[in-house]
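Engineer: The amino acid sequence is not available; the structure is as follows:
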(Lines give C-alpha, C1' and ligand atoms only; values in the text may rest on other atoms or scores of the structure.)
Protein backbone atom coordinates (compact mmCIF):
# COMPACT_ATOMS: atom_id res chain seq x y z
CA UNK A 1 0.00 0.00 0.00
CA UNK A 2 1.38 3.39 -1.00
CA UNK A 3 1.63 5.69 2.06
CA UNK A 4 1.35 8.77 -0.13
CA UNK A 5 -2.17 9.94 -1.05
CA UNK A 6 -3.21 9.58 -4.65
CA UNK A 7 -3.19 12.92 -6.45
CA UNK A 8 -5.28 13.36 -9.58
CA UNK A 9 -4.19 16.04 -12.05
CA UNK A 10 -6.47 16.88 -14.98
CA UNK A 11 -5.21 18.82 -17.98
CA UNK A 12 -7.87 20.10 -20.38
CA UNK A 13 -6.37 20.94 -23.75
CA UNK A 14 -7.27 22.23 -27.18
CA UNK A 15 -4.72 23.24 -29.83
CA UNK A 16 -1.97 24.11 -27.35
CA UNK A 17 0.86 22.12 -28.92
CA UNK A 18 3.26 25.02 -28.42
CA UNK A 19 3.04 24.62 -24.63
CA UNK A 20 1.50 21.21 -23.96
CA UNK A 21 4.72 19.23 -23.69
CA UNK A 22 6.12 21.63 -21.10
CA UNK A 23 2.93 21.23 -19.09
CA UNK A 24 3.07 17.43 -19.27
CA UNK A 25 6.73 17.32 -18.26
CA UNK A 26 6.11 19.66 -15.33
CA UNK A 27 3.74 17.01 -13.94
CA UNK A 28 5.56 13.81 -14.85
CA UNK A 29 8.96 15.15 -13.81
CA UNK A 30 7.64 15.40 -10.25
CA UNK A 31 8.27 11.63 -10.02
CA UNK A 32 5.35 11.39 -7.65
CA UNK A 33 4.71 7.66 -7.14
CA UNK A 34 0.94 7.84 -6.63
CA UNK A 35 -0.02 10.14 -9.49
CA UNK A 36 -3.17 9.82 -11.58
CA UNK A 37 -2.80 12.10 -14.59
CA UNK A 38 -5.53 12.60 -17.19
CA UNK A 39 -5.34 14.69 -20.35
CA UNK A 40 -8.72 15.59 -21.83
CA UNK A 41 -8.18 17.00 -25.31
CA UNK A 42 -11.00 18.62 -27.25
CA UNK A 43 -10.03 17.21 -30.65
CA UNK A 44 -6.90 19.23 -31.39
CA UNK A 45 -5.60 19.46 -34.94
CA UNK A 46 -2.25 21.14 -34.27
CA UNK A 47 -0.08 18.16 -33.32
CA UNK A 48 -1.20 17.98 -29.68
CA UNK A 49 -2.38 14.38 -30.08
CA UNK A 50 1.05 13.26 -31.28
CA UNK A 51 2.59 14.89 -28.20
CA UNK A 52 0.13 13.15 -25.88
CA UNK A 53 0.79 9.77 -27.47
CA UNK A 54 4.49 10.06 -26.65
CA UNK A 55 3.58 10.09 -22.95
CA UNK A 56 0.53 7.83 -22.87
CA UNK A 57 2.35 5.02 -21.01
CA UNK A 58 2.75 7.42 -18.07
CA UNK A 59 -0.84 8.67 -18.10
CA UNK A 60 -3.84 7.25 -16.27
CA UNK A 61 -5.85 8.02 -19.38
CA UNK A 62 -6.38 10.46 -22.19
CA UNK A 63 -8.92 11.23 -24.87
CA UNK A 64 -9.05 13.50 -27.90
CA UNK A 65 -12.57 14.21 -29.06
CA UNK A 66 -14.82 17.18 -29.52
CA UNK A 67 -16.38 18.43 -26.30
CA UNK A 68 -18.31 21.44 -25.06
CA UNK A 69 -15.23 23.34 -23.94
CA UNK A 70 -12.84 23.52 -21.02
CA UNK A 71 -15.48 23.17 -18.30
CA UNK A 72 -16.93 20.07 -19.91
CA UNK A 73 -13.45 18.58 -20.31
CA UNK A 74 -12.67 19.11 -16.63
CA UNK A 75 -15.93 17.57 -15.49
CA UNK A 76 -15.22 14.55 -17.65
CA UNK A 77 -11.86 14.24 -15.97
CA UNK A 78 -13.46 14.61 -12.54
CA UNK A 79 -15.81 11.76 -13.45
CA UNK A 80 -12.77 9.49 -13.82
CA UNK A 81 -10.75 10.81 -10.88
CA UNK A 82 -10.00 8.47 -7.97
CA UNK A 83 -7.45 10.62 -6.15
CA UNK A 84 -7.84 11.91 -2.62
CA UNK A 85 -6.39 15.24 -3.78
CA UNK A 86 -7.48 16.84 -7.05
CA UNK A 87 -6.13 19.71 -9.15
CA UNK A 88 -6.33 20.85 -12.72
CA UNK A 89 -3.51 22.30 -14.75
CA UNK A 90 -4.25 24.03 -18.02
CA UNK A 91 -2.28 22.95 -21.06
CA UNK A 92 -0.14 26.09 -21.06
CA UNK A 93 0.58 26.24 -17.30
CA UNK A 94 3.18 24.38 -15.22
CA UNK A 95 3.75 22.93 -11.77
CA UNK A 96 6.98 23.78 -10.00
CA UNK A 97 9.46 21.01 -9.08
CA UNK A 98 8.55 19.25 -5.82
CA UNK A 99 4.99 20.55 -5.79
CA UNK A 100 3.15 17.23 -5.53
CA UNK A 101 5.30 15.81 -2.71
CA UNK A 102 4.88 19.05 -0.78
CA UNK A 103 1.12 19.11 -1.31
CA UNK A 104 0.82 15.46 -0.29
CA UNK A 105 2.66 16.14 2.94
CA UNK A 106 0.49 19.13 3.85
CA UNK A 107 -2.86 17.59 2.86
CA UNK A 108 -2.42 14.20 4.57
CA UNK A 109 -4.04 13.37 7.91
CA UNK A 110 -7.38 14.01 9.57
CA UNK A 111 -6.62 17.63 10.51
CA UNK A 112 -5.07 18.51 7.14
CA UNK A 113 -6.58 21.31 5.05
CA UNK A 114 -9.10 20.25 2.42
CA UNK A 115 -8.25 23.23 0.22
CA UNK A 116 -4.65 24.32 -0.27
CA UNK A 117 -3.36 27.26 -2.32
CA UNK A 118 0.28 28.07 -2.93
CA UNK A 119 2.05 31.02 -4.49
CA UNK A 120 1.91 31.28 -8.28
CA UNK A 121 4.14 32.90 -10.89
CA UNK A 122 3.15 34.50 -14.18
CA UNK A 123 5.41 33.66 -17.13
CA UNK A 124 5.38 34.45 -20.83
CA UNK A 125 5.46 32.12 -23.81
CA UNK A 126 9.20 31.59 -23.36
CA UNK A 127 8.98 30.85 -19.61
CA UNK A 128 10.33 34.29 -18.67
CA UNK A 129 9.03 35.63 -15.36
CA UNK A 130 6.49 38.43 -15.75
CA UNK A 131 5.02 38.78 -12.29
CA UNK A 132 3.98 37.00 -9.10
CA UNK A 133 0.43 36.55 -7.91
CA UNK A 134 -0.11 37.94 -4.42
CA UNK A 135 -2.54 35.36 -3.11
CA UNK A 136 -4.43 36.25 0.04
CA UNK A 137 -7.63 35.50 1.88
CA UNK A 138 -10.61 37.83 1.49
CA UNK A 139 -11.74 39.67 4.60
CA UNK A 140 -15.28 38.43 3.90
CA UNK A 141 -17.25 36.59 1.22
CA UNK A 142 -18.64 39.95 0.07
CA UNK A 143 -15.13 41.34 -0.40
CA UNK A 144 -14.24 38.31 -2.52
CA UNK A 145 -17.26 38.97 -4.74
CA UNK A 146 -16.29 42.64 -5.09
CA UNK A 147 -12.62 42.04 -5.83
CA UNK A 148 -11.49 42.39 -9.44
CA UNK A 149 -8.74 39.77 -9.20
CA UNK A 150 -9.09 36.16 -8.18
CA UNK A 151 -7.05 36.39 -4.95
CA UNK A 152 -6.89 32.60 -5.18
CA UNK A 153 -4.72 31.53 -8.18
CA UNK A 154 -6.15 28.46 -9.88
CA UNK A 155 -2.92 26.76 -11.09
CA UNK A 156 -1.61 26.51 -7.51
CA UNK A 157 -4.93 25.34 -6.01
CA UNK A 158 -5.50 21.79 -4.73
CA UNK A 159 -8.78 20.41 -3.41
CA UNK A 160 -9.68 17.32 -1.42
CA UNK A 161 -12.11 15.09 -3.33
CA UNK A 162 -14.70 15.54 -0.56
CA UNK A 163 -15.19 19.16 -1.64
CA UNK A 164 -16.36 18.06 -5.08
CA UNK A 165 -18.54 15.39 -3.52
CA UNK A 166 -20.19 17.95 -1.25
CA UNK A 167 -20.34 21.03 -3.50
CA UNK A 168 -20.53 19.52 -6.99
CA UNK A 169 -18.42 19.87 -10.10
CA UNK A 170 -17.73 22.93 -12.22
CA UNK A 171 -20.68 24.85 -13.67
CA UNK A 172 -21.11 23.89 -17.34
CA UNK A 173 -22.89 27.18 -17.99
CA UNK A 174 -19.66 29.10 -17.42
CA UNK A 175 -16.80 29.19 -19.91
CA UNK A 176 -14.32 31.58 -18.30
CA UNK A 177 -14.89 31.82 -14.55
CA UNK A 178 -16.01 28.32 -13.56
CA UNK A 179 -13.11 27.99 -11.10
CA UNK A 180 -13.99 31.35 -9.55
CA UNK A 181 -17.61 30.24 -9.19
CA UNK A 182 -16.49 26.98 -7.57
CA UNK A 183 -14.45 28.99 -5.08
CA UNK A 184 -17.55 31.10 -4.39
CA UNK A 185 -19.50 27.94 -3.65
CA UNK A 186 -16.80 26.84 -1.24
CA UNK A 187 -16.71 30.21 0.54
CA UNK A 188 -20.52 30.28 0.73
CA UNK A 189 -20.38 26.78 2.21
CA UNK A 190 -17.99 27.81 4.96
CA UNK A 191 -14.79 26.48 3.41
CA UNK A 192 -11.55 28.46 3.65
CA UNK A 193 -8.29 27.65 1.89
CA UNK A 194 -4.99 27.22 3.65
CA UNK A 195 -2.45 29.52 2.00
CA UNK A 196 1.25 28.69 1.83
CA UNK A 197 4.15 30.82 0.63
CA UNK A 198 5.81 28.10 -1.43
CA UNK A 199 5.47 28.59 -5.18
CA UNK A 200 3.54 25.63 -6.57
CA UNK A 201 2.73 26.63 -10.15
CA UNK A 202 3.21 29.07 -13.00
CA UNK A 203 0.43 30.62 -15.04
CA UNK A 204 1.34 31.39 -18.64
CA UNK A 205 0.20 34.72 -20.07
CA UNK A 206 0.29 34.96 -23.86
CA UNK A 207 -1.93 36.51 -26.56
CA UNK A 208 -3.70 33.22 -27.36
CA UNK A 209 -4.61 32.38 -23.77
CA UNK A 210 -8.21 32.86 -22.66
CA UNK A 211 -7.17 35.39 -20.05
CA UNK A 212 -4.92 37.24 -22.47
CA UNK A 213 -7.33 37.35 -25.39
CA UNK A 214 -10.73 37.81 -23.72
CA UNK A 215 -10.33 39.79 -20.47
CA UNK A 216 -13.67 41.58 -20.87
CA UNK A 217 -15.55 38.29 -21.20
CA UNK A 218 -13.83 37.07 -18.04
CA UNK A 219 -14.87 40.24 -16.23
CA UNK A 220 -18.49 40.17 -17.37
CA UNK A 221 -18.87 36.51 -16.43
CA UNK A 222 -17.44 37.22 -12.98
CA UNK A 223 -20.10 39.88 -12.53
CA UNK A 224 -22.83 37.40 -13.39
CA UNK A 225 -21.40 35.00 -10.82
CA UNK A 226 -21.28 37.72 -8.17
CA UNK A 227 -24.95 38.55 -8.80
CA UNK A 228 -25.89 34.94 -7.99
CA UNK A 229 -24.78 35.41 -4.40
CA UNK A 230 -26.38 38.77 -3.67
CA UNK A 231 -29.31 37.18 -1.83
CA UNK A 232 -26.93 35.08 0.30
CA UNK A 233 -25.34 38.16 1.86
CA UNK A 234 -26.53 40.13 4.90
CA UNK A 235 -28.60 43.17 3.95
CA UNK A 236 -25.84 45.62 4.89
CA UNK A 237 -23.52 43.98 2.35
CA UNK A 238 -25.92 43.66 -0.59
CA UNK A 239 -26.05 47.34 -1.54
CA UNK A 240 -22.24 47.81 -1.60
CA UNK A 241 -21.93 44.72 -3.81
CA UNK A 242 -24.71 45.91 -6.12
CA UNK A 243 -22.99 49.30 -6.51
CA UNK A 244 -19.67 47.53 -7.09
CA UNK A 245 -21.21 45.36 -9.83
CA UNK A 246 -22.68 48.42 -11.55
CA UNK A 247 -19.42 50.30 -11.42
CA UNK A 248 -17.41 47.37 -12.82
CA UNK A 249 -19.96 46.83 -15.57
CA UNK A 250 -19.45 50.45 -16.65
CA UNK A 251 -15.70 49.99 -16.70
CA UNK A 252 -16.04 46.98 -18.99
CA UNK A 253 -18.40 48.98 -21.17
CA UNK A 254 -15.69 51.61 -21.57
CA UNK A 255 -13.26 48.93 -22.68
CA UNK A 256 -15.80 47.68 -25.20
CA UNK A 257 -16.38 51.25 -26.39
CA UNK A 258 -12.73 51.47 -27.37
CA UNK A 259 -13.39 49.09 -30.21
CA UNK A 260 -16.81 50.46 -31.13
CA UNK A 261 -16.24 54.20 -31.29
CA UNK A 262 -12.60 54.71 -30.34
CA UNK A 263 -12.49 58.51 -30.76
CA UNK A 264 -15.65 60.45 -30.02
CA UNK A 265 -17.35 58.14 -27.56
CA UNK A 266 -14.11 57.25 -25.86
CA UNK A 267 -13.16 60.86 -25.27
CA UNK A 268 -16.67 61.65 -24.02
CA UNK A 269 -16.64 58.76 -21.57
CA UNK A 270 -13.11 59.16 -20.26
CA UNK A 271 -13.32 62.93 -19.78
CA UNK A 272 -16.28 62.69 -17.43
CA UNK A 273 -16.95 60.87 -14.17
CA UNK A 274 -18.33 57.40 -14.76
CA UNK A 275 -21.72 58.21 -13.22
CA UNK A 276 -22.25 61.05 -15.75
CA UNK A 277 -21.22 58.85 -18.65
CA UNK A 278 -23.73 56.10 -17.98
CA UNK A 279 -25.90 56.98 -20.98
CA UNK A 280 -22.99 56.71 -23.39
CA UNK A 281 -21.89 53.52 -21.73
CA UNK A 282 -25.32 51.95 -22.02
CA UNK A 283 -25.37 52.91 -25.69
CA UNK A 284 -21.98 51.27 -26.23
CA UNK A 285 -23.10 48.15 -24.41
CA UNK A 286 -26.29 47.92 -26.46
CA UNK A 287 -24.31 48.31 -29.69
CA UNK A 288 -21.90 45.62 -28.58
CA UNK A 289 -24.71 43.18 -27.66
CA UNK A 290 -26.58 43.86 -30.90
CA UNK A 291 -23.43 43.28 -32.92
CA UNK A 292 -22.84 39.98 -31.10
CA UNK A 293 -26.42 38.86 -31.76
CA UNK A 294 -26.21 39.69 -35.46
CA UNK A 295 -22.88 37.87 -35.75
CA UNK A 296 -24.40 34.78 -34.14
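Structural biologist: Sure thing, it's come through. Keep in mind the model is a prediction, meaning the values are calculated, not measured.

Engineer: how about the helices in the stretch 101-250 of the chain?
Structural biologist: Listed in chain order, the helices of the stretch 101-250 of the chain (DSSP state H, counting those that start in this stretch) span 141-146, 161-167, 178-188, 210-213, 215-228, 235-260.

Engineer: how about those helices in JSON lines, adding mean neighbour count, distance to residue 18 and mean pLDDT?
Structural biologist: C-beta: built from backbone N, CA, C; applies to glycine. Formatted as JSON lines, the helices of the stretch 101-250 of the chain follow (neighbours: other Cβ atoms under 10 Å; distance: least, Cβ to Cβ, whole Å; pLDDT from 0 to 100):
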{"stretch": "helix 141-146", "mean neighbour count": "20", "distance to residue 18": "33", "mean pLDDT": "92"}
{"stretch": "helix 161-167", "mean neighbour count": "14", "distance to residue 18": "31", "mean pLDDT": "97"}
{"stretch": "helix 178-188", "mean neighbour count": "21", "distance to residue 18": "23", "mean pLDDT": "95"}
{"stretch": "helix 210-213", "mean neighbour count": "14", "distance to residue 18": "14", "mean pLDDT": "54"}
{"stretch": "helix 215-228", "mean neighbour count": "17", "distance to residue 18": "21", "mean pLDDT": "90"}
{"stretch": "helix 235-260", "mean neighbour count": "15", "distance to residue 18": "27", "mean pLDDT": "81"}
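
Engineer: can you list those in JSON lines and add distance to residue 45?
Structural biologist: Conversion of the helices of the stretch 101-250 of the chain to JSON lines gives the following (distance: least, Cβ to Cβ, whole Å):
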{"stretch": "helix 141-146", "distance to residue 45": "39"}
{"stretch": "helix 161-167", "distance to residue 45": "31"}
{"stretch": "helix 178-188", "distance to residue 45": "25"}
{"stretch": "helix 210-213", "distance to residue 45": "19"}
{"stretch": "helix 215-228", "distance to residue 45": "24"}
{"stretch": "helix 235-260", "distance to residue 45": "29"}
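
Engineer: out of those helices, nearest to residue 116?
Structural biologist: helix 161-167 (11.0 Å; Cβ to Cβ).

Engineer: Now residue 47: closest residue in space that isn't a chain neighbour?
Structural biologist: Spatial nearest neighbour of residue 47, chain neighbours left out: residue 17 (4.3 Å); criterion: Cβ to Cβ, 6 or more residues apart in numbering.

Engineer: Look at that neighbour and say how many residues are nearby.
Structural biologist: Other residues near residue 17 come to 17 when the count uses other Cβ atoms under 10 Å.
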